[in-house]
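K.L.:
below: sequence and its predicted model.
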Amino acid sequence: MTGLILPPGQGRKLITKAQEVTFKATEAHGSSISIFEVVVPPGFDVGAHVHSEAQEFFYVLEGELQLLAFEPTQRTEKDWHDWESPDGDKVVRATEGAFMFVPPGTPHAFRNASDEPARMLFQCLPSPIHEDYFEEIAEIWSSGKGIDQEAIEEMRRRYDVSQITPLRFEPPTPVGSPSAPARGA
């Protein structure tokens, strides 16, 4: 049996305006855990969601992310940024070295509210659920066509993603530029 060693920056990449995902270890490599390096651009908010079977691990390598991993006292549909748990848990400002584990059934989210990209190591068990999800959503975002919300919802059902708040990508507008419209999926 042979292991897998990848130099920095190596691995199959999926790149769109809203994400950059580098596949590190996948089902094709014999891994039961999908491992990715993800660059989270400024203004990206994955939206609060929950998986009934998958468990996830997030480790911030560079930059800053806001992280959520708890059931709130009250779920709101607009956003998760001010959620609080019955025990007083709140959204965490996570910097380099921060770690988040998400068991099945736990609402969770991340967003980059800064003006700099963030980079994280992301793992999902079981493999290949997120491998397939990333490939399909990258294809949708890269199509250049409008986002078909019904197709997105059907795709999420297939990949064990129950979306609670919307995914948003609202890049910061440079000073002196007209505001760009928000994009979501």
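P.N.:
Okay, I see it. Numbering: from 1, shown residues only.

K.L.:
only C-alpha atoms from now on, for both contacts and neighbour counts.
P.N.:
Fine.

K.L.:
residue nearest the centroid of this protein?
P.N.:
Central residue of the chain (C-alpha atoms, centre = their mean): V46, 5.0 Å from the mean position.

K.L.:
got a list of what it touches?
P.N.:
109-111, 166-168 (C-alpha atoms under 8 Å, 6 or more residues apart in numbering).

K.L.:
now P128, nearest residue through space, not along the chain?
P.N.:
E27 (5.7 Å; C-alpha to C-alpha, 6 or more residues apart in numbering).

K.L.:
try E37
P.N.:
L121 (4.6 Å).

K.L.:
residues near the one you found, how many?
P.N.:
Using other C-alpha atoms under 10 Å, the number of residues around L121 comes to 19.

K.L.:
with G43 instead?
P.N.:
21.

K.L.:
now do the contacts for it.
P.N.:
Per C-alpha under 8 Å, 6+ apart, neighbours of G43: 111-115, 168-172.

K.L.:
can I get the buried part of these as one ChimeraX selection?
P.N.:
In ChimeraX syntax, the buried subset of the contacts of G43 is picked out as below (16 or more other C-alpha atoms under 10 Å):
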select :111,112,113,114,168,169,170,171,172
